[in-house]
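In: Have a look at this fold, sequence not included:
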């Protein structure tokens, strides 16, 4: 079960998030990110409350993704 992004930790903790399937409606070049599971982290809110968004934990140069681009999130599975 996915939790809303508004409940995700915004303290650099990596989480597993599912992107929305209709991201191309937001911006055409986002189609390749639609319906993808991605590990993201949020660097935290600024002192003035500014929200810089989520960063993808991969060397792809993408960051600043807003909460509403995601269906929801869950904790990463614990591997032993």
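Out: Now that the structure is in, tell me what you want to look at. Quantities reported herein were computed from a predicted structural model and do not represent experimental measurements.
In: Strands of this structure, start to end?
Out: 15-19, 37-41, 55-56, 70-74 (DSSP state E).
In: Could you export those to CSV, including columns for distance to residue 1 and mean neighbour count?
Out: Where C-beta positions appear, they are placed from N, C-alpha and C, glycine not excepted. Formatted as CSV, these follow (distance: least, CB to CB, whole Å; neighbours: other CB atoms under 10 Å):
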stretch, distance to residue 1, mean neighbour count
strand 15-19, 11, 19
strand 37-41, 14, 17
strand 55-56, 23, 18
strand 70-74, 8, 18
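In: Tell me which of these lies nearest to residue 64.
Out: Closest to residue 64 of the strands of the chain is strand 55-56 (CB to CB; 7.4 Å).
In: Can you name the residues in contact with the closest one?
Out: 38, 39, 40, 41, 42, 43, 62, 63, 64, 65 (CB atoms under 8 Å, 6 or more residues apart in numbering).
In: rerun at 10 Å
Out: Applying CB atoms under 10 Å, 6 or more residues apart in numbering, the external contacts of strand 55-56 come out as 12, 14, 17, 19, 33, 36, 38-43, 61-65.
In: Helices of the protein, start to end?
Out: Using DSSP state H, the helices of the chain run over residues 23-26.
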